[in-house]
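[1] kindly generate the corresponding structure for this input.
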Amino acid sequence: SEFLLLALADTRQLQLLHFWLLLGIYLAALLGNGLISTAVACDHRLHTPMYFFLLNLALLDLGCISTTLPKAMANALWHTRHISYAGCAAQVFFLLFFFGAEYSLLTIMSYDRYVAICKPL
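    Residues are numbered from 1 along each chain as shown. As a prediction, the model looks like this:
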């Protein structure tokens with residue numbers, strides 16, 4: 001069984017515009033998070049807890065944006081509106097997992113900053 005997705009636009013020109021905009025957003029996110037990951041992984045001076053959290057946040061952001069955006073771009077480019085039940089369930093599962101992990105990491109980061117400011121060693 002399949003689901004029908006709502007189209008972002010009805011005309012072909014607007015669908016192609018949406019594709020190019022989504023592609024630009026996706027590539028910018030890949031480039032930015034890739035640069036953060038590479039910088040933290042390669043520079044030994046950045047192997048501190050704060051940058052460890054930042055690296056994990058960048059990787060989680062890559063997971064979040066890679067969950068739904070490629071399917072949306074494919075739908076806009078190939079003028080399709082179908083998604084299988086398993087594909088939809090997988091997208092929802094991964095999106096909830098990545099958002100939950102990201103919010104948990106942000107909570108841990110904020111607590112780390114609180115402890116560093118209010119209760120210094």
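[2] how about the helices in the protein?
    12-42, 49-78, 85-118 (DSSP state H).
[3] any buried residues in the shortest one, and which?
    Using 16 or more other C-beta atoms under 10 Å as the test for burial, helix 49-78 gives 51, 53-65, 67, 69, 73, 75-76. From N, CA and C alone the C-beta is placed, and that goes for glycine too.
[4] out of the helices of the chain, nearest to E2?
    Minimum separation from E2 across these (C-beta to C-beta) falls at helix 85-118, 6.9 Å.
[5] what is the mean pLDDT for the closest one?
    The pLDDT scores in helix 85-118 average 94.
[6] so what does that helix touch, helix or strand wise?
    Packing contacts for helix 85-118, counted by 3 or more C-beta pairs under 8 Å, 6 or more residues apart in numbering; DSSP states H and E, involve strand 2-4, helix 49-78.
[7] S1 contacts Y85, doesn't it?
    Yes: judged on C-beta atoms under 8 Å, S1 makes contact with Y85 at a distance of 5.1 Å.
[8] of all the helices of the chain, which one is nearest L5?
    Using C-beta to C-beta, the helices of the chain put helix 49-78 closest to L5, at 6.3 Å.
[9] and the closest one, what's its mean pLDDT?
    Helix 49-78 comes out at a mean pLDDT of 92.
[10] now it against helix 85-118, angle please.
    Interaxial angle, helix 49-78 versus helix 85-118 (axes from the mean of the first three to the mean of the last three C-alpha atoms, to 10 degrees): 150 degrees.
[11] now do helix 49-78: which elements does it pack against?
    For helix 49-78, the packing partners by 3+ C-beta pairs under 8 Å, 6+ apart come out as helix 12-42, helix 85-118.
[12] next one: that helix to chain centre, how far?
    2 Å (C-alpha atoms, centre = their mean, to the nearest Å).
[13] these two touch, right, N33 and L60?
    No: judged on C-beta under 8 Å, N33 makes no contact with L60 at a distance of 9.1 Å.
[14] shared neighbours of the two, anything?
    Common neighbours of N33 and L60 (criterion: C-beta atoms under 8 Å, 6 or more residues apart in numbering): none identified.
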